[in-house]
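Chemist: pasting the sequence and the predicted model now:
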Amino acid sequence: MPKKGRIFRNGSGDNAPRLVYARAIRDALRSELGPNPSANKTVRQWTGAGERTVKNWFDGTCGPRGEHLLLLAYHSDSVFESILSMTEREHRAVGSKLRRHCEAMMKLLQSHRDVD
């Protein structure tokens with residue numbers, strides 16, 4: 001039986017960097033939430049993303065972008081650490097600054113949602 005849904009490509013024909021990113025986020029989410037059946041629902045509550053989108057994150061076929069990535073980093077220490085690791089930054093020097101920036105972005109996003 002064929003899989004349903006679209007496969008999104010980055011246009012360059014080389015999906016290797018995108019898959020490395022998507023799989024790193026997948027692994028971070030799985031390590032944080034475990035094999036819990038409600039993990040998908042938890043991530044949807046954190047991000048407001050759709051069910052299929054979150055399923056793609058857990059499958060490692062697509063990674064979160066923009067606001068969703070910030071929301072995941074805010075709620076998940078594993079995702080936050082994964083981002084730091086992928087950027088090859090000094091955890092101690094950058095970690096606290098990045099955490100403060102994530103918190104500021106969350107406040108900004110929340111205030112924007114409250115206005116809508």
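Modeler: Great, that's in hand.
Chemist: only C-alpha atoms for contact and neighbour calcs from this point on.
Modeler: Fine.
Chemist: these two touch, right, Ser78 and Arg26?
Modeler: No: using C-alpha atoms under 8 Å, Ser78 is not in contact with Arg26, being 10.1 Å away.
Chemist: the more surrounded of those two?
Modeler: Of the pair Ser78 and Arg26, Arg26 is the one with more neighbours under other C-alpha atoms under 10 Å, namely 24 against 20.
Chemist: residues contacting the more buried one?
Modeler: Listed by C-alpha atoms under 8 Å, 6 or more residues apart in numbering, the contact partners of Arg26 are Trp57, Phe58, Asp59, Gly60, Gly63.
Chemist: what about the fourth one, how many neighbours?
Modeler: Other residues near Gly60 come to 19 when the count uses other C-alpha under 10 Å.
Chemist: what does the one 3 residues further on give?
Modeler: Other residues lying near Gly63 total 22 when counted by other C-alpha under 10 Å.
Chemist: helix, strand or coil for it?
Modeler: Per DSSP: H, G, I helix; E, B strand; the rest coil, the local secondary structure of Gly63 is coil.
Chemist: just the element for the closest residue to it other than its chain neighbours, please.
Modeler: Spatially, and ignoring its direct neighbours in sequence, Gly63 is nearest to Ala22 (4.1 Å; C-alpha to C-alpha, 6 or more residues apart in numbering). Taking DSSP states H and E as the definition, one finds Ala22 inside helix 16-33.
Chemist: how close does Pro35 sit to Asp27?
Modeler: The gap separating Pro35 from Asp27 is 11 Å, by C-alpha to C-alpha, to the nearest Å.
Chemist: who's more crowded, the two?
Modeler: A direct count of neighbours by other C-alpha under 10 Å for Pro35 and Asp27 places Asp27 higher, at 20 against 10.
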